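# Below: sequence and its predicted model.
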Amino acid sequence: MIEAVDLSKQYGRHTAVDHVTFTVRPGLVTGFLGPNGAGKSTTLRMVVGLDHPSTGQVLVGGRRYADSPAPLHEVGVLLEAGAVHPGRSAREHLLALAQTHGISRRRVDQVLDLVGLGEVAGRRTGGYSLGMHQRLGIAGALLGDPAVVVLDEPVNGLDPDGIRWIRGLLRSLAAEGRTVFVSSHLMSEMALTADHLLVLGRGRVLADVSMAQMTASAAPVVNLRTPQAEELRRVLTGPGVTVTDRDGGLAVAGLDGAQIARRALDSRVLVSELTPQTTSLEDAYLALTRDDVEYSTTTTTTVPRRAAA
Amino acid sequence: MTSTSTSTGTGTGTSTGTSTGTGTSTGTGTGSSTAVPAVGDPAVADRRQEVTLSRVVRAEWTKLRSLRTPAWLFALTGLGIVLLGTMMAIGTVVAGVSAEEEEVDALGGALTGISPVELLVGALGALAVTTEYSSGTIRSTLSAVPRRLPVLVAKSVVVALAVLTVALVSVLVAFTATRGMLAGQGVSLPFTAPGVPRALVGAALYLTVVALLGAGFGWLLRSAVGALAALVGVLYVLPVLGIVLPEGAAAVVVPLMPGNAGAAVMQLGPAGLLAPWAGIAVFAGYAVLLLAVAALVLRRRDA
């Protein structure tokens, strides 16, 4: 369990994390999403005490990480793959970590085998690929058999096989009752792994929802134009159907185009335009974070629209 | 689908993963994927061991011995002390100078190498810290030991013990060789002569303190170049300032300057410096002070 309360981080005049409150629960894979620069890494660094919060605090298992007598057993963390001395072998890198807690060499070899680095463990990590660095980082996170696993962008640099491996790993970690907190800037990746989503944008929580809720919000929407908006709204509204105003027309979720056309015809309401709009989780995520992208490549409209949080 | 067994770490010893889930499903959340063996290890879960200083010392020793650069620096330091230390004796023998003709300072000769190698051990101390920052390892180090202070203490202990050992052995070799060669020239300087044991041990201590100064600057500046520059400033530039001081002040300040204070322990005769042990104590005091400041900064600063 990770609990952040009113957590902020200020770097000079730049606010990286802005009064964030959230809870990451055990037994689930919680995806931590947000555009680059949203404050994900900073938040994760504060979880393990590398950065000191400007306001608020974050507790792991009910206490500050730094107050834990055996931190590696509490939280396993991968913050930045490749943060390993290139002249040191993977085995010795992990051994030095293990020794701080009196963890055995046997366990070091065990996690090396677990992530598939057993055969290259004696080689200096300078020659490792990005994917191998990721695996080494994950081995380090699992070393202390921790109750909480925090991984920052673990799929970066992994090949398709490695990506599938990590999905299975995350699922099984959560199935074992652990708290799994995984950041990514790719919704598509989280869609296949996460049970719960925490979306950050410009340092603020944009969404803290289950995957089911997120999926619902990504349900297909049909855009309509009609001169009889009020009447059509009345005809269509019902259980599981939402009708909202959009761009001078209506946006309907919960009914498909054929159903809408049928009801409109039955009630003799003229529909001048009917456009099914397919959205994916990716679209839902992009809509959510559209206004909060730190470094946007496209010039957006001059009047920023607030995304629903 | 069979996924891995549940081992929540209560040590019932049932975490042998039955990873038969080799299905090729890519569906959302079905939990099946390529085989993932059990992550948990009851042996680890059973003995949730805490971070202790002695464990962090062991970890720091692993770090120091698993890199090549420190090994090279140690080798160069040892070689430098021995080769430079015996140079004078070799010269004396080759020139055939006898003790009656010229006063031969056997001890000073044997310690010739100390000053030239001091930047090597300084670099060693600095690098033990700064490679953590340059490679990013500091993040895993500090997440394993989030209290941070044990890391600084352990690194200091490991660097100090390693430098002390290498320096002491090298100094003894240099002195023994010098004595052996000069014995033929009629120079006799026993190990037990007044001041000799102190000067030999003191020389090793002097290098140890230099390494710790390097480490201290490494923590503060997080850069090997910066740390070495600071060390050069303290050891070589600071004494130059003594020249511009008024005479009265200079008499007080100059012996207290780090390099001068440290060198006092290696002198047999009085040289306008502090008393030998007082000198090395002052020198060590500077290192302790520097490391204390570094510890404060390390705790406060973001990693």
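Yep, it's here.

# before we move on, which element is A:V108 in?
Secondary structure from DSSP states H and E places A:V108 in helix A:105-114.

# buried ones in that helix?
Residues A:R107, A:V108, A:D109, A:Q110, A:V111, A:L112, A:L114 are the ones in helix A:105-114 that count as buried (16 or more other C-beta atoms under 10 Å in any protein chain shown). C-beta coordinates here come from the backbone N, C-alpha and C atoms, glycine included.

# where does the chain dip in pLDDT?
Unless you meant another one, I'm taking chain A. Applying pLDDT under 70 to chain A flags residues A:217-219, A:278-279, A:291-309.

# that answer is for a different chain, and I need it for chain B
B:1-47, B:99-103, B:270.

# So what's the residue count around A:P53?
20 (other C-beta atoms under 10 Å in any protein chain shown).

# re the thing from before, also within reach of chain B: list those from the buried residues of helix A:105-114.
The residues of the buried residues of helix A:105-114 that also fall near chain B, by C-beta under 8 Å from any C-beta of the partner chain, are A:R107, A:Q110, A:L114.

# can you redo those residues as TSV with distance to A:L232?
Formatted as TSV, these follow (distance: C-beta to C-beta, whole Å):
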residue	distance to A:L232
A:R107	65
A:Q110	64
A:L114	58
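
# Nearest to chain B: which residue in the stretch 151-300 of chain A?
Using C-beta to the nearest C-beta, the single residue of the stretch 151-300 of chain A nearest to chain B is A:G168, 2.7 Å away.

# element containing that residue?
Here A:G168, judged by DSSP H and E, is contained in helix A:160-175.

# Could you look up the next helix or strand downstream of that helix?
Of the helices and strands lying after helix A:160-175 in sequence (DSSP H and E), the nearest is strand A:179-184.

# Show me how far that following strand is from its chain's centre.
Centroid displacement of strand A:179-184 relative to its chain, using C-alpha atoms, centre = their mean, to the nearest Å, is 6 Å.

# ok, A:A284 touching A:Q213?
No - look at A:A284 against A:Q213 with C-beta atoms under 8 Å: they stay out of range, at 10.1 Å.

# more neighbours, these two?
A:A284 (20 against 13).

# helix or strand for that one, which one?
Per DSSP H and E: helix A:281-289 holds A:A284.

# List the buried residues of that helix.
A:L281, A:A284, A:Y285, A:L288, A:T289.

# try stretch A:128-145
Those would be A:128, A:131-145, for stretch A:128-145 by 16+ other C-beta under 10 Å.

# Using CSV, list the CA coordinates for it.
Below are the C-alpha coordinates for stretch A:128-145, written out as CSV (Å, rounded to 0.1, in the frame of the first residue of the first chain):
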residue,chain,number,x,y,z
TYR,A,128,24.4,-4.7,-21.9
SER,A,129,21.5,-3.7,-24.2
LEU,A,130,18.7,-1.4,-22.9
GLY,A,131,16.5,-4.5,-22.5
MET,A,132,19.1,-6.2,-20.4
HIS,A,133,19.5,-3.1,-18.3
GLN,A,134,15.7,-3.2,-17.7
ARG,A,135,15.9,-6.8,-16.7
LEU,A,136,18.7,-6.1,-14.3
GLY,A,137,16.8,-3.2,-12.8
ILE,A,138,13.8,-5.5,-12.3
ALA,A,139,16.0,-8.1,-10.7
GLY,A,140,17.1,-5.4,-8.2
ALA,A,141,13.5,-4.5,-7.5
LEU,A,142,12.7,-8.2,-6.7
LEU,A,143,15.8,-8.8,-4.6
GLY,A,144,14.2,-8.3,-1.2
ASP,A,145,11.0,-10.1,-2.1
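
# how far does that stretch sit from the chain's center?
19 Å.

# go on, stretch A:193-211?
What separates the centre of stretch A:193-211 from the centre of its chain is 6 Å, taken as C-alpha atoms, centre = their mean.

# ok so, going back, what's the helix holding A:V108 packed up against?
Counting contacts by 3 or more C-beta pairs under 8 Å, 6 or more residues apart in numbering or on different chains; DSSP states H and E, helix A:105-114 is packed against helix A:90-99, helix A:130-142, helix B:42-46.

# Please repeat the previous calculation with a cut-off of 6 Å.
Applying 3 or more C-beta pairs under 6 Å, 6 or more residues apart in numbering or on different chains; DSSP states H and E, one finds that helix A:105-114 contacts helix A:90-99, helix A:130-142.

# out of the ones you listed, nearest to chain B?
Here helix A:90-99 is closest among the helices and strands packed on helix A:105-114 (C-beta to the nearest C-beta), at 3.9 Å.

# Would the closest one count as contacting chain B?
Yes - using C-beta under 6 Å from any C-beta of the partner chain, helix A:90-99 comes into contact with chain B via A:E92, A:L95, A:A96, A:L97, A:Q99.

# residues in contact with the helix holding A:V108?
The contact list for helix A:105-114 (C-beta atoms under 6 Å, 6 or more residues apart in numbering or on different chains) reads A:L94, A:L95, A:A98, A:G118, A:A121, A:A139, A:L142, A:L143, B:D41, B:V44.

# Could you report the distance from the fourth one to A:I138?
Right, the one you point to is A:G118. According to C-beta to C-beta, to the nearest Å, A:G118 stands 14 Å off from A:I138.

# Next: the second one.
When distance is defined by C-beta to C-beta, A:L95 is 17 Å away from A:I138.

# before we move on, which element is the residue in chain A sticking out farthest from the centre in?
Relative to the mean C-alpha coordinate of chain A, counting by C-alpha atoms, centre = their mean, the farthest residue is A:R268 (46.0 Å). A:R268 belongs to no helix or strand when assigned by DSSP H and E.

# again, but for A:V58
A:V58 is located in strand A:55-60, with elements delineated by DSSP H and E.

# so what does that strand touch, helix or strand wise?
Partner elements for strand A:55-60 (3+ C-beta pairs under 6 Å, 6+ apart): strand A:2-11.

# List the buried residues of the helix or strand just after the strand it packs on.
Remark: after strand A:2-11, the chain's next helix or strand is strand A:14-24, criterion DSSP H and E. Buried positions in strand A:14-24, judged by neighbour count with 16+ other C-beta under 10 Å: A:T15, A:A16, A:V17, A:D18, A:V20, A:F22, A:V24.

# need these in CSV with distance to B:V171, can you?
Listed next are the buried residues of strand A:14-24 as CSV, based on distance: C-beta to C-beta, whole Å:
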residue, distance to B:V171
A:T15, 56
A:A16, 52
A:V17, 54
A:D18, 59
A:V20, 58
A:F22, 59
A:V24, 57
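
# Make sure A:V84 is actually in contact with A:G127.
No - taking C-beta atoms under 6 Å as the definition, A:V84 is not a contact partner of A:G127, at 11.7 Å.

# more crowded one of the two?
The neighbour comparison of A:V84 against A:G127 (other C-beta under 10 Å) goes to A:V84, with 24 against 9.

# quick one: that one is in a helix?
No - A:V84: not assigned to a helix; according to DSSP: H, G, I helix; E, B strand; the rest coil it is coil.

# Might you report the residue contacts of it?
Going by C-beta under 6 Å, 6+ apart, A:V84 touches A:H93, A:T125.

# One more: A:L198?
A:L198 makes contact with A:F22, A:F32, A:D208 under the criterion C-beta under 6 Å, 6+ apart.

# partner residues bridging the first one?
When bridges are assigned using DSSP bridges, the partners listed for A:F22 are A:A4.

# That one contacts A:A4, doesn't it?
Yes - with contact defined as C-beta under 6 Å, A:F22 counts as touching A:A4 (5.3 Å).

# Let's see stretch B:58-73 as PDB, backbone CA atoms only.
This file holds the C-alpha atoms of stretch B:58-73, laid out as PDB (Å, rounded to 0.1, in the frame of the first residue of the first chain):
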ATOM      1  CA  ARG B  58      30.500  -5.100   3.400                       C
ATOM      2  CA  ALA B  59      28.400  -3.800   0.500                       C
ATOM      3  CA  GLU B  60      30.800  -0.800   0.000                       C
ATOM      4  CA  TRP B  61      33.800  -3.200   0.000                       C
ATOM      5  CA  THR B  62      32.100  -5.200  -2.800                       C
ATOM      6  CA  LYS B  63      31.700  -2.000  -4.800                       C
ATOM      7  CA  LEU B  64      35.300  -0.900  -4.300                       C
ATOM      8  CA  ARG B  65      36.800  -4.300  -5.200                       C
ATOM      9  CA  SER B  66      34.500  -4.900  -8.200                       C
ATOM     10  CA  LEU B  67      35.800  -2.000 -10.200                       C
ATOM     11  CA  ARG B  68      39.100  -1.700 -12.100                       C
ATOM     12  CA  THR B  69      40.000   1.900 -11.500                       C
ATOM     13  CA  PRO B  70      40.400   1.600  -7.700                       C
ATOM     14  CA  ALA B  71      42.600  -1.400  -8.200                       C
ATOM     15  CA  TRP B  72      44.800   0.500 -10.600                       C
ATOM     16  CA  LEU B  73      45.000   3.400  -8.300                       C
END
